[in-house]
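**Student:** Build me a model:
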Amino acid sequence: MVIEHDGFGAELRRRRIAAGMSLSELAGKVYCSRSFLSRVENGRRRGSLELAQLCDEVLDAKGALAGLAPLPGAESVPKAVRGGAAELVKSPGRGGRSAAGQDRAEFRRLLRRGDLSHAAGEMREAERHYTAAYRGAEGDPRAQAEAVIRMARRWSDPGQVDRELLQSLRGCLTALDGDRSPEAAGLRLRLEAHLAKKMSLAVSQDTSAGLAGPAEGARLAEDTLRRLPVDGDDEVRCEVLTECRWARYDFMTAPESLTLSEQLREAAARQDSAYFRGEALMAVAIDQLRNGRIYSALATANQYRKHAADTHSALARWQRHTLDALLDLWHGRFDAAAEWIFVESLNFIELLRADYAVPADNLTQTRLGQAYWLLRQQGRLAELFTSDLAGDVERHAYFPVWRAGLALALCETGQHAEGADLFLGCVADVDRFPPSGWAVPALVLLAEVCAALDLEGGFEAELAQALPALRSRLAPHDGEQIALGGWPTVLVGPTARACGLLALAAGEPETALEHFRRAAVPARSSQPELARLRLAQARALRRMGGPGSEPHAVRLLREAARGAETYGMTWLGGQSLALVEEPGRA
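**Tutor:** Numbering: from 1, shown residues only. You can find the predicted model right below:
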């Protein structure tokens, strides 16, 4: 009979395998038989605290296994967890321990098991433990708030709002309303931070929970940050900074976001939490990329790789590979990116989806974005329409960035009229975009559509209709920033180059060249991006005219063509050579 559902035995087995150690090897190091250790891992024998401490030391688990070991005189797993009941079992004191003390111990144990399951990417198991902890803590608003905070840390489907979780967060805030203790004050800040983020997950009022939309979430986050003590509890500080940064992501500038993520990194270092350390490193890497600090982001990515290796977390490995693929795409290592996108990530998604590790749509959209960008860079966007990828793009059209991407794909595969129709529909919604965040890559993609329509010719009326709104919305993001699609998925390109493409389409080549000069700073870290920039500069020079403009333009076009050939960017290379052969075309 299985006497331990999972917990200690399952975690012991996971860590042993991750360490590359056989059952026999570990058994020899912890002074027990192989068969006994096997039964412990399978849940048929209960491991002692002493065994857990030995395994902790051998496997460098930093106390994680000891935290799961049964307390002396207590059952290893509450009946509520074994049987799936809704609440913890109350029991009389044993061995001098009060019933209340045992309940608190079981509550902490459930939270710990939930945390370990969450770190391993086993979201279904984490949710089960957190829910049991919440229900078992009935009558204790502080404990229930702690359990709900853990539930709120789980990944959510992008663009969707979890209405049930919103109600739970609000219910906990109401229950703590009269509690003036410092602990309750910290819990309220953490609950409000999660509430702000969950409200902000909607991409528009259409996908929000009533009037609780993204703007309201951002305002709540701003208010919560304003009330966060500078020298308060580090766990409270880490939680609030993590969640409020995401809640305000679409409503603050990239430099402001980087300031918050750097504050989070400092607080996480003091708090010494693997969870917050991972959140902080990923936040810093994302914001460094958005601010055009590619080389700083490379250093942070290296730190995140070490973090992912240390934690043995499936989610951390997913994020690490996603970040690596993003950098591969930026630097032109397309073969390496393709291996992850079209082979390894599919296996990863199926594994995590089968275990309900994270909402499948979260993973699917990340892979879809990277697959789209790889096809675009290689001039293979026609394959988008001959595979299931186009259907996936259309299914996610509630995200404006996907509609913009589809319009660009239509233009770059010769379907300019259809692309222009979709493009104008996107531009009609621009006034409803948030000021920053996901709006920036969507605007940059729409600027790319403008460039394609301008190069094709015959779409002057459509461009005249769209350009004022696009230029106005993108202007605040000019400079050395890079548009980042996803969190993170792909680097769409320097925002200054997009501003230049819009100026060029508006008939202002001198202004366009000024933007392109600014774009050269972040583009120098990417040869594929430099090739695209040189093509744009050549077109601006030709339109401006003047002495020396044509030879300079031809030189830039040849450099763009050589770069495109080196990196296998067939569409860009074809456009560059076509312009070399047609001196009057810009």
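**Student:** So which residue is smack in the middle of the protein?
**Tutor:** Nearest residue to the geometric centre of the chain (Cα atoms, centre = their mean): residue 487, 3.3 Å.
**Student:** That one: what's its closest spatial neighbour, skipping adjacent residues?
**Tutor:** The shortest distance from residue 487 to any non-neighbouring residue, by Cβ to Cβ, 6 or more residues apart in numbering, is to residue 286 (6.4 Å). All C-beta atoms are positioned from the backbone trio N, CA, C, and that covers glycine.
**Student:** That neighbour: helix or strand, and which one exactly?
**Tutor:** helix 274-290 (DSSP states H and E).
**Student:** Which helix or strand lies directly C-terminal to that helix?
**Tutor:** Counting by DSSP H and E, what follows helix 274-290 is helix 294-311.
**Student:** Give the buried residues for that following helix.
**Tutor:** 294, 296-297, 300-301, 304-305, 307-308, 311 (16 or more other Cβ atoms under 10 Å).
**Student:** now the helix or strand following it, how far from the chain's geometric center?
**Tutor:** The first helix or strand that comes after helix 294-311 along the chain, using DSSP H and E, is helix 314-331. Mean C-alpha position of helix 314-331 versus that of the full chain (Cα atoms, centre = their mean, to the nearest Å) differs by 11 Å.
**Student:** what comes into contact with stretch 440-452?
**Tutor:** The contact list for stretch 440-452, computed with Cβ atoms under 8 Å, 6 or more residues apart in numbering, reads 290, 400-401, 404-405, 407-408, 411-412, 416, 419, 423, 426-427, 430, 433, 463, 466-467, 470, 473-474, 477, 481, 483-485, 492-493, 495, 498-499, 501-502, 504-505, 536.
**Student:** let's see 7 Å
**Tutor:** With Cβ atoms under 7 Å, 6 or more residues apart in numbering as the test, stretch 440-452 has contacts from 400-401, 404-405, 407-408, 411-412, 419, 423, 426-427, 433, 463, 466-467, 470, 473-474, 477, 483-485, 492-493, 495, 498, 501-502, 505.
**Student:** sorry, back to before: would you mind giving the buried residues of helix 294-311 as CSV with pLDDT and distance to residue 248 added?
**Tutor:** As requested, the buried residues of helix 294-311 are exported to CSV (pLDDT from 0 to 100; distance: Cβ to Cβ, whole Å):
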residue, pLDDT, distance to residue 248
294, 97, 24
296, 97, 22
297, 97, 20
300, 98, 20
301, 97, 24
304, 96, 22
305, 95, 28
307, 91, 24
308, 90, 26
311, 79, 27
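**Student:** centre of the chain versus stretch 467-482, how much separation?
**Tutor:** On Cα atoms, centre = their mean, the centre of stretch 467-482 falls 24 Å from the chain's centre.
**Student:** And the contacts of that stretch?
**Tutor:** By Cβ under 7 Å, 6+ apart, stretch 467-482 touches 254, 289-292, 427, 430-431, 433, 440, 443, 446-447, 450, 491, 493-496, 498-499, 502, 505-506, 515, 518, 521-522.
**Student:** Tell me which of these fall in strands.
**Tutor:** Those of the contacts of stretch 467-482 mapping onto strands are 491, 493-494, per DSSP state E.
**Student:** Show me the helices in the stretch 401-550 of the chain, by range?
**Tutor:** Secondary structure of the stretch 401-550 of the chain, counting by DSSP state H, counting those that start in this stretch: helices at 416-428, 439-456, 460-474, 495-505, 509-523, 527-544, 549-567.
**Student:** Closest one to residue 350 out of the buried residues of helix 294-311, please.
**Tutor:** residue 308 (19.8 Å; Cβ to Cβ).
**Student:** what about the stretch 1-150 of the chain, any weak spots by pLDDT?
**Tutor:** 1-6, 70-101, 120-121 (pLDDT under 70).
**Student:** distance of residue 573 from residue 504?
**Tutor:** Separation of residue 573 from residue 504 (Cβ to Cβ, to the nearest Å): 20 Å.
**Student:** Then residue 322?
**Tutor:** Counting by Cβ to Cβ, the gap between residue 322 and residue 504 amounts to 33 Å.
**Student:** now residue 435
**Tutor:** Distance, residue 435 to residue 504, by Cβ to Cβ: 24 Å.
**Student:** Equivalent analysis for residue 297, please.
**Tutor:** Noted for residue 297: a distance of 29 Å to residue 504, by Cβ to Cβ.
**Student:** What of residue 533?
**Tutor:** Residue 533 is 12 Å from residue 504, where distance means Cβ to Cβ.
**Student:** residue ranges for the strands of the stretch 151-300 of the chain, please.
**Tutor:** For the stretch 151-300 of the chain, no strands are identified by DSSP state E, counting those that start in this stretch.
**Student:** Quick one: residues contacting residue 55.
**Tutor:** Applying Cβ under 7 Å, 6+ apart, the residues near residue 55 are 12, 30, 61, 65.
**Student:** Which helix or strand contains it?
**Tutor:** Here residue 55 is assigned to helix 49-59, by DSSP H and E.
**Student:** Name the residues that touch stretch 523-531?
**Tutor:** The contact list for stretch 523-531 (Cβ under 7 Å, 6+ apart) reads 294-295, 330-332, 377, 493-494, 533, 560, 563-564, 567, 569, 572.
**Student:** For that stretch, which residues meet the burial criterion?
**Tutor:** 523, 525-531.
**Student:** Can you tell me which of these is nearest residue 57?
**Tutor:** Sorting the buried residues of stretch 523-531 by how near they are to residue 57, with Cβ to Cβ, puts residue 525 at the top with 43.7 Å.
**Student:** mind checking how far the closest one is from residue 200?
**Tutor:** 31 Å.
**Student:** Could you do residue 499 as well?
**Tutor:** 27 Å.
**Student:** who has more neighbours, those two?
**Tutor:** Just comparing residue 499 and residue 200: by other Cβ atoms under 10 Å the higher neighbour count belongs to residue 200, 30 against 27.
**Student:** does that one really touch residue 216, like I thought?
**Tutor:** No: using Cβ atoms under 7 Å, residue 200 makes no contact with residue 216, being 8.2 Å away.
**Student:** Tell me if residue 47 really is in a helix.
**Tutor:** No: Residue 47 is assigned coil when assessed by DSSP: H, G, I helix; E, B strand; the rest coil, not a helix.
**Student:** Residue numbering should commence at 39 henceforth.
**Tutor:** In the new count, where the first residue is 39, that last one comes out as residue 85.
**Student:** these two touch, right, it and residue 78?
**Tutor:** Yes: contact between residue 85 and residue 78 holds when scored by Cβ under 7 Å: they sit 4.6 Å apart.
**Student:** ok, residue 611 - contacts?
**Tutor:** 599, 602-603.
**Student:** what about stretch 341-359, start to end distance?
**Tutor:** 13 Å (Cα to Cα, to the nearest Å).
**Student:** Please state the offset of it from the chain centre?
**Tutor:** With Cα atoms, centre = their mean as the basis, stretch 341-359 stands 13 Å off its chain's centre.
**Student:** Show me what secondary structure element comes after the helix or strand of the chain with the lowest mean pLDDT.
**Tutor:** Least confident helix or strand of the chain, by mean pLDDT, DSSP states H and E, is helix 117-121 with a mean of 31. Next in sequence after helix 117-121, counting helices and strands by DSSP H and E, comes helix 137-157.
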